[in-house]
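**Q** What follows is a predicted structure for the sequence shown.
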Amino acid sequence: MRYLVANWKMNLPPEGINDYMRAVSDTEPNGASIVIAPPFPYLADVAGRAGGIVHLGAQNCGDQPSGAFTGEVSASMLRDVGAAYVIVGHSERRNVYLESETLIARRLAMAVEAGLTAVFCIGEDLRVREAGHTARFLADQIKAAVSPAIEGGDIIVAYEPVWAIGTGRHATGDLCAETVAEIREALSRFWPAKHARASILYGGSVTPENRDDLWGNGGIDGFLVGGASLDSSKFRAIYDGMRPA
């Protein structure tokens, strides 16, 4: 399966939600699914305008089903408002909010148990990359997320090199393909058989300009897009280039 996921983070598209969703919904389908993940207060607004190839996602979910957890939103609540997807373990959650591997594993389990498709993010920083430890680092992140709860669920893996997020740098197609092969090897070792062939997305300063190299040479099944996802014309341009070979 091919996917293009828009992560608006704590932003809204300058053109407004209505105009943005209208533009994205008018995109000519090419077989890939589009997922829009807005900030929590705007989930219902996006849900009301989703349909066809465009689906609603959320940027995170709680690690408990309910209870006295101020500021958290459960996976089942996200499902009730219309979300079908949720991003789990994004690098900003790991590195800015210091979410542990244990916490991320619980969030992933909650997402799967609620019937959401989880977009599970993994990625290394520049220090790990330059030390030549990327494969082991990513394998450890995958292994840490394993639990019986995820076995029957649907999971997408998003590879987002931390050194390429918001820095203007990005992986080349060749580097991406090499890393995707390492991820698939780790999936085959540590995750249930169902997930060994999970769709793998690339996320790291994706733009219409670097789309072709990453899509054509990166061995990926789609993109997780941050900044460029706020502009519907740029987002559509990335989607238009994701046609099957």
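**A** Thanks, I have the structure now.
**Q** confidence score at the most centrally placed residue in the chain?
**A** Geometric centre of the chain, nearest residue: V119, 4.3 Å, by CA atoms, centre = their mean. On the pLDDT scale, V119 is placed at 98.
**Q** Please give me every residue in contact with it.
**A** V5, V35, G57, Y85, V86, I87, V88, I156, A158, L201, L224 (CB atoms under 8 Å, 6 or more residues apart in numbering). (Glycine included, C-beta is placed from N, CA and C.)
**Q** go again using 6 Å as the cut-off
**A** Residues in contact with V119 (CB atoms under 6 Å, 6 or more residues apart in numbering) are V5, I87, I156, A158.
**Q** Mark which of the residues you listed are buried, thanks.
**A** V5, I87, I156, A158 (16 or more other CB atoms under 10 Å).
**Q** Double-check that the first one belongs to a helix.
**A** Spelled out, it's V5. No - assessed by DSSP: H, G, I helix; E, B strand; the rest coil, V5 does not belong to a helix; its assignment is strand.
**Q** which residues pair with it across the strands?
**A** Following DSSP bridges, V5 is listed with bridge partners V35, L224.
**Q** what separates it from C121, distance-wise?
**A** 10 Å (CB to CB, to the nearest Å).
**Q** any idea how far L56 is from the closest residue in space to S229 that isn't next to it in sequence?
**A** Spatial nearest neighbour of S229, excluding adjacent residues (CB to CB, 6 or more residues apart in numbering): A6 at 3.5 Å. Applying CB to CB, the value for A6 to L56 is 11 Å.
**Q** between these two, which one's more packed in?
**A** More crowded of A6 and L56, by other CB atoms under 10 Å: A6, with 27 against 24.
**Q** Export stretch 35-52 to CSV, keeping only CA atoms.
**A** The C-alpha atoms that make up stretch 35-52 are tabulated as CSV, following Å, rounded to 0.1, in the frame of the first residue of the first chain:
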residue,chain,number,x,y,z
VAL,A,35,-3.9,11.0,5.4
ILE,A,36,-4.3,14.4,6.9
ALA,A,37,-3.2,14.8,10.6
PRO,A,38,-4.3,18.2,12.0
PRO,A,39,-3.9,19.5,15.6
PHE,A,40,-6.5,17.9,17.9
PRO,A,41,-9.0,20.8,18.0
TYR,A,42,-9.5,20.5,14.2
LEU,A,43,-10.0,16.8,13.9
ALA,A,44,-13.7,17.2,13.4
ASP,A,45,-13.3,19.9,10.8
VAL,A,46,-11.0,17.7,8.7
ALA,A,47,-13.2,14.7,9.3
GLY,A,48,-16.2,16.5,7.9
ARG,A,49,-14.3,17.1,4.6
ALA,A,50,-12.5,13.8,4.3
GLY,A,51,-13.6,11.1,1.9
GLY,A,52,-12.6,9.1,-1.0
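**Q** Tell me the gap between that stretch and the middle of its chain.
**A** Put simply, stretch 35-52 sits 15 Å off its chain's centre (CA atoms, centre = their mean, to the nearest Å).
**Q** Can you list the low-confidence ranges for this protein?
**A** 245 (pLDDT under 70).
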